[in-house]
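Colleague: sequence isn't available, so here's the structure alone:
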Ligand SMILES: Cc1ncc(COP(=O)(O)O)c(C=O)c1O
Ligand SMILES: N[C@@H](CCOP(=O)(O)O)C(=O)O
């Protein structure tokens, strides 16, 4: 399998290099040159497989001969073995044909574990084979950070630096990142927002001179193709559990960086019958505004009760734009350069095509709270604020009530007690036993100004391998 950049200028790479490269040298994101396609018969034959075996079937075509089958299978087994639920991604029914896919049964209680517990293993495997080390730099609005740290903390070949927006993640999220011991783990609280953190990460990939040319920079954000690849699997798993591929499914996906829903779009292109994909955003709703009015325009970022989705510059949207533009990298490059200066639109027929693929809804804090309350009253089931946005968008956008509508449950409610309290519920979601003493653990992080040089200088002082 070869991978090409969405901006058309960087060299095509194989899986191993894509895994280690993160952002392409032309600033674009890597995507597979072509997608594997599975027939209904083949998908049907996967019924009853364990999660890790299904993951192998879906992912191995992307990995190809970069990793021997036996080693990849073992990595998958180890990855999903640490999940707290036997089903790995259990489905919870809210109503007739209405489901939540719980993606928060991994070690850090968010969907990020599905890809990041694997990514840590993949990186260590490839670095060991090459006899190399890497400096990982990642940006988080709360969940990627802890999942990446958990996924990489035992890696022998990496230093990891995670940037989060100072005072803009929940206390549980911050503590999950900052209480992990290890002299290769570094948390930086940037006095800015998530977009500032992500901008610094992308700028560092774009100009790596601060690394001194001695060690490679690697990515754990969804700019790294391996993240998206691993997130495709649970669309197949959920569908197979509810009678797919012999019936079609609808998915509602709480969206920020557009990685998770892009994985759903790919699952559909790979042959899974999906009749509806709903983009569910909070008030940082650039994607919803684009889908409803063909105007891609950045607004001031708002702080909401769903902080993990407080994102304006949505990385993976570039991967969709690439497809919407007939995979013309030059057109995507120009469009995104213009988008950085002001509002842009795309040709009407391209936009109409995107509209056929996705529905969208923007949900404010008040409605998020109402949804948490309503689902708790009706089902005695506690939604985290991100999943609540997904459920609300699913209910608003649903086109066919005979089609199962599955909302991706992206985080555990215990990560966001303030949102649960804001919803007026007195119930306190409990942290699982392995995190019961989270508030007694010692924290370690450094607050830095919103300044790229300050961040890069900090990294250069603290990495071991460069
Ligand atoms: C809890 C939660 N839900 C939803 C999202 C949105 O996912 P994506 O960025 O893949 O769109 C994120 C992170 O972005 C998240 O942490
Ligand atoms: N919500 C994410 C933001 C980063 O997204 P990613 O999928 O690109 O890593 C977070 O919780 O950090």
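Modeller: All right, it came through fine. Since we're looking at a predicted model, the values are computed, not measured. Numbering: from 1, shown residues only. Ligands and ions are numbered 1, 2, ... in the order given.
Colleague: where does the prediction get shaky in this protein?
Modeller: Within the chain, the stretches with pLDDT under 70 are 465-466.
Colleague: how is it divided into domains?
Modeller: 87-109+232-422, 112-223+436-466 (automatic domain parsing).
Colleague: could these go into CSV alongside distance to residue 61 and mean neighbour count?
Modeller: C-beta here means a position set from N, CA and C on the backbone, and glycine is covered the same way. Shown next, in CSV, are the domains of the chain (distance: least, C-beta to C-beta, whole Å; neighbours: other C-beta atoms under 10 Å):
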stretch, distance to residue 61, mean neighbour count
domain 87-109+232-422, 9, 21
domain 112-223+436-466, 16, 20
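Colleague: redo the ones you listed as a markdown table? Include distance to residue 12.
Modeller: Below are these laid out as a markdown table (distance: least, C-beta to C-beta, whole Å):
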| stretch | distance to residue 12 |
| --- | --- |
| domain 87-109+232-422 | 11 |
| domain 112-223+436-466 | 17 |
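Colleague: can you list the residue ranges for helices in the stretch 351-466 of the chain?
Modeller: Ranges of helices in the stretch 351-466 of the chain, per DSSP state H, counting those that start in this stretch, are 365-379, 385-397, 417-422, 452-462.
Colleague: need the ones you listed in a markdown table with distance to ligand 2, can you?
Modeller: Shown next, in a markdown table, are the helices of the stretch 351-466 of the chain (distance: least, C-beta to the nearest ligand atom, whole Å):
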| stretch | distance to ligand 2 |
| --- | --- |
| helix 365-379 | 16 |
| helix 385-397 | 8 |
| helix 417-422 | 15 |
| helix 452-462 | 16 |
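Colleague: could I get those as TSV with distance to residue 265?
Modeller: Formatted as TSV, the helices of the stretch 351-466 of the chain follow (distance: least, C-beta to C-beta, whole Å):
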stretch	distance to residue 265
helix 365-379	24
helix 385-397	16
helix 417-422	28
helix 452-462	32
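Colleague: right, and those helices - which one's nearest residue 22?
Modeller: Nearest of these to residue 22, taken as C-beta to C-beta: helix 452-462 at 14.9 Å.
Colleague: what packs against the closest one?
Modeller: Helix 452-462 sits against strand 158-165, strand 185-190, helix 194-206, strand 446-448, with contacts defined as 3 or more C-beta pairs under 8 Å, 6 or more residues apart in numbering; DSSP states H and E.
Colleague: got the contact list for that helix?
Modeller: By C-beta atoms under 8 Å, 6 or more residues apart in numbering, the surrounding residues in contact with helix 452-462 are 135, 137, 159, 161, 163, 186, 188, 190, 200, 203-204, 210, 212, 446, 448, 466.
Colleague: farthest pair within those residues?
Modeller: Spanning the widest gap among the contacts of helix 452-462 are 190 and 212, at 22.6 Å by C-beta to C-beta.
Colleague: could you measure from the closest residue to ligand 1 within the stretch 51-200 of the chain over to residue 401?
Modeller: Residue of the stretch 51-200 of the chain nearest ligand 1, by C-beta to the nearest ligand atom: residue 143 (3.5 Å). Distance of residue 143 to residue 401, computed by C-beta to C-beta, to the nearest Å: 31 Å.
Colleague: verify the contact between the residue of the stretch 51-200 of the chain closest to ligand 1 and residue 411 for me.
Modeller: Yes: the pair residue 143 and residue 411 passes the contact test of C-beta atoms under 8 Å, sitting 6.3 Å apart.
Colleague: next, show the common contact partners of these two.
Modeller: Taking C-beta under 8 Å, 6+ apart as the contact rule, residue 143 and residue 411 both touch 110-111, 308.
Colleague: out of those, which touch ligand 2?
Modeller: residue 308 (C-beta under 6 Å from any ligand atom).
Colleague: among the shared contacts of residue 143 and residue 411, which are in helices?
Modeller: Per DSSP state H, helices hold no members of these.
Colleague: get me the contact residues on the stretch 201-350 of the chain for ligand 2.
Modeller: Counting by C-beta under 6 Å from any ligand atom, the stretch 201-350 of the chain sits next to ligand 2 at 221-222, 256-257, 259, 308, 315.
Colleague: for residue 374, state which of these is nearest.
Modeller: For those, the minimum distance to residue 374 (C-beta to C-beta) is 21.6 Å, reached by residue 308.
Colleague: correct me, but the closest one touches residue 143?
Modeller: Yes: with contacts counted by C-beta under 8 Å, residue 308 reaches residue 143, the gap being 5.1 Å.
Colleague: and for these two, which residues touch both?
Modeller: Residues touching both residue 308 and residue 143 (C-beta under 8 Å, 6+ apart): 110, 173, 410-411.
Colleague: and the two most separated of the residues you listed?
Modeller: Among those, 173 and 410 lie farthest apart (C-beta to C-beta), at 12.8 Å.
Colleague: shared neighbours, these two?
Modeller: Common neighbours of residue 173 and residue 410 (C-beta under 8 Å, 6+ apart) are 143, 308.
Colleague: wait, what's in contact with residue 357?
Modeller: Contacts of residue 357 (C-beta under 8 Å, 6+ apart): 265, 277.
Colleague: leaving out chain neighbours, which residue sits closest to residue 279?
Modeller: Nearest non-adjacent residue to residue 279, counting by C-beta to C-beta, 6 or more residues apart in numbering: residue 360, 4.0 Å away.
Colleague: quick one, strands of the chain?
Modeller: Counting by DSSP state E, the segments of the chain that form strands are 3-5, 30-32, 91-95, 98-102, 134-139, 158-165, 185-190, 216-219, 249-254, 274-281, 359-362, 405-409, 446-448.
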